[in-house]
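# need the 3D shape of this:
(2 chains)
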Number of protein chains: 2
Amino acid sequence: MPQLALNRLRERGSTERAALDALLDDVLAGTLSTVVDGKPWVVPMLFARQGDRILLHGSTGAGALRHVAAGAPAALAVIAVDALVVGHTTFDSSANYRSAVVHGTLTPLPDRERAEALDALSERILPGRNAEVRPMTRQEQAKTLVMAMPIVDGEFLVKTRSGTASPPDEHTDAWHGVVELRTVALDPAPAPTSTAEEVPRSVLDFAGARVLA
Amino acid sequence: MPQLALNRLRERGSTERAALDALLDDVLAGTLSTVVDGKPWVVPMLFARQGDRILLHGSTGAGALRHVAAGAPAALAVIAVDALVVGHTTFDSSANYRSAVVHGTLTPLPDRERAEALDALSERILPGRNAEVRPMTRQEQAKTLVMAMPIVDGEFLVKTRSGTASPPDEHTDAWHGVVELRTVALDPAPAPTSTAEEVPRSVLDFAGARVLA
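Here you go, the predicted model:
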């Protein structure tokens, strides 16, 4: 099933910024990689694109995150699997996907920019929620390290596959085609301690939209 | 929204092998990271767990993949976002997730093991498909580099969050709870060149099952 080897499909490569932005805005989580003592150090993270940069955050106490924040080379990778591509053989089987790797270095945001960046992270994940709840306190903000990685042309790679299975190059009766995948949100479930009578607008909107995670 | 910083939640850490296996068997794609010229090199990939090892494959011509295959330290990372956790504040908001990072080195499989490994990769992604189509030819096998990374105790980390939003530590009327996410498969769509009258069992079973991708 060599066509599943996503990395070798150069003809699918694209460096289009629009495709990158669309993917980063669709996917909730990615993996942040850097190098510690010559070895790969990797952590799954939620993130948010804000214009020409990617926002990440972590505890001010996290050692390895500080290492990344201090300017070590880093890469954020995301992937969305959109469909199984079922070929007439397993060799011709594949997946439809969108993936991106963004290289760069992370810069910790100064205190004065932290509140706005945290709001942007929240807004990306659950649009409208900031306006429904009290602002974060200074103490809450102080517990968080917020970092930004610039999106620079030439420093990212987007790869995708779309469409159906390739036409067979041999006689075959084998079925071939695609099975698309969708991520959907279920109905909101209040916590036992929630006394609100109505589900807030932000949550209703999120649950009602098709979600690509 | 600091609780979104998945990496700092040490209390959620778990090294349980069973949790790792369950996650690796649920998720179709991950990111493989290694180090090239002191910088992180990352590629999104499909993979398959086979017992105590992870199988990966790529083109025999892919340079960086060869670098990894030659014994450089590597890490496979996967993440599944299971729910948004909507707190009474954005600070208390989070996500339910399952993530894993497996460290190790990749070994290219010798020719005699390649066919079986490729069948295992196919079987993991679309169970039952191998039995429905012709076997891969020797030429097809020869085009593919298949690598294995052993799963070793102490060399992987699983982190998860589950459950609903934390009880507020202040008076609030703000709704809090969770919105679960599910990945589902749509109906199989044949390619225009497919002349088969029936959708095969493997595809029906895949499309009928709830899928966690």
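# next, count neighbours for residue A:54.
Neighbourhood size, residue A:54 [other CB atoms under 10 Å in any protein chain shown]: 24. C-beta here means a position set from N, CA and C on the backbone, and glycine is covered the same way.
# next: residue A:34.
Neighbour count of residue A:34, defined by other CB under 10 Å: 23.
# show me where chain A has its helices.
A:17-26, A:63-69, A:111-125, A:138-142, A:201-208 (DSSP state H).
# now the second one, how far from the centre of its chain.
Think helix A:63-69. Offset of helix A:63-69 from its chain centre (CA atoms, centre = their mean, to the nearest Å): 20 Å.
# so for that helix, what's the average pLDDT?
Averaged across helix A:63-69, pLDDT comes to 70.
# so which elements touch it?
Packing partners of helix A:63-69 (3 or more CB pairs under 8 Å, 6 or more residues apart in numbering or on different chains; DSSP states H and E): strand A:29-36, strand A:39-46, strand A:144-150.
# mind running it again at 7 Å?
strand A:29-36, strand A:144-150 (3 or more CB pairs under 7 Å, 6 or more residues apart in numbering or on different chains; DSSP states H and E).
# same question for the shortest one.
For helix A:138-142, the packing partners by 3+ CB pairs under 7 Å, 6+ apart come out as helix A:111-125.
# buried ones in the helix it packs on?
By neighbour count on 16 or more other CB atoms under 10 Å in any protein chain shown, the buried set for helix A:111-125 is A:114, A:115, A:117, A:118, A:119, A:120, A:121, A:122, A:123, A:124, A:125.
# now the terminal residues of stretch A:23-39, how far apart.
28 Å (CA to CA, to the nearest Å).
# pick the most deeply packed of the helices and strands packed on helix A:63-69.
Burial of the helices and strands packed on helix A:63-69 is given as mean neighbour count (mean count of other CB atoms under 10 Å in any protein chain shown); strand A:29-36 ranks first at a mean of 24.
# which strands and helices sit next to that strand?
Where contact means 3+ CB pairs under 7 Å, 6+ apart, strand A:29-36 is packed against strand A:39-46, helix A:63-69, strand A:73-86, strand B:29-36, strand B:39-46, strand B:73-86.
# partner strands of it, with direction?
strand A:39-46 (antiparallel), strand A:73-86 (antiparallel) (DSSP bridges).
# just want the angle from the first one to helix A:111-125.
If I follow you right, that is strand A:39-46. 70 degrees (axes from the mean of the first three to the mean of the last three CA atoms, to 10 degrees).
# give me the contacts around strand A:39-46.
With contact meaning CB atoms under 7 Å, 6 or more residues apart in numbering or on different chains, strand A:39-46 is reached by A:28-35, A:56, A:64, A:125, B:4, B:6-7, B:33-35, B:40, B:73-75, B:77, B:79, B:95, B:99, B:101.
# off-centre distance for it?
Relative to its parent chain, strand A:39-46 has a centroid offset of 13 Å by CA atoms, centre = their mean.
# which stretches of chain A have low pLDDT?
A:1-15, A:59-64, A:210-213 (pLDDT under 70).
# hang on, the earlier thing: tell me which of the helices and strands packed on helix A:63-69 sits nearest to residue B:178.
When the helices and strands packed on helix A:63-69 are compared by CB to CB, strand A:29-36 sits nearest residue B:178, at 16.1 Å.
# same list (the strands paired with strand A:29-36) but as a markdown table, adding distance to residue B:47 and mean neighbour count.
Below are these laid out as a markdown table (distance: least, CB to CB, whole Å; neighbours: other CB atoms under 10 Å in any protein chain shown):
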| stretch | distance to residue B:47 | mean neighbour count |
| --- | --- | --- |
| strand A:39-46 | 14 | 23 |
| strand A:73-86 | 11 | 24 |
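# nearest to residue B:142, of these?
The closest of these to residue B:142 is strand A:73-86. By CB to CB, the value is 22.0 Å.
# could you give the angle of that closest one to helix A:17-26?
Strand A:73-86 runs at 90 degrees relative to helix A:17-26, counting by the same axes, to 10 degrees.
# report the inter-axis angle for strand A:73-86 versus strand A:144-150.
Angle, strand A:73-86 to strand A:144-150, by the same axes, to 10 degrees: 80 degrees.
# nearest residue to residue A:89 other than its sequence neighbours?
Distance criterion CB to CB, 6 or more residues apart in numbering or on different chains; nearest residue to residue A:89, sequence neighbours excluded, is residue B:133 at 5.0 Å.
# I'd say that neighbour and residue A:92 touch.
No - the pair residue B:133 and residue A:92 does not pass the contact test of CB atoms under 7 Å, sitting 9.0 Å apart.
# re the thing from before, could you tell me how many residues sit around the residue nearest to residue A:89?
For residue B:133, the neighbour count with other CB under 10 Å is 22.
# what's it in contact with, if anything?
By CB under 7 Å, 6+ apart, the neighbours of residue B:133 are A:88, A:89, A:90, A:174.
# try 10 Å this time
By CB atoms under 10 Å, 6 or more residues apart in numbering or on different chains, the contact list for residue B:133 reads A:86-93, A:172, A:174-176, B:122, B:200, B:202.
# how near is it to residue A:90?
To residue A:90, residue B:133 is 6 Å away according to CB to CB, to the nearest Å.
# need the overlap of contacts for the two.
residue B:122.
# quote the end-to-end distance of stretch A:104-118.
Stretch A:104-118 has its terminal residues 21 Å apart, counting by CA to CA.
# and stretch A:144-162, by the same measure?
Per CA to CA, the first residue of stretch A:144-162 is 39 Å away from its last.
# ok, that stretch near chain B or not?
Yes - using CB under 10 Å from any CB of the partner chain, stretch A:144-162 reaches chain B at A:144, A:145, A:146, A:157, A:159.
# what's the local residue count around the closest residue in space to residue A:168 that isn't next to it in sequence?
Nearest non-adjacent residue to residue A:168, counting by CB to CB, 6+ apart: residue A:88, 4.4 Å away. Look at residue A:88: counted by other CB under 10 Å, it has 27 neighbours.
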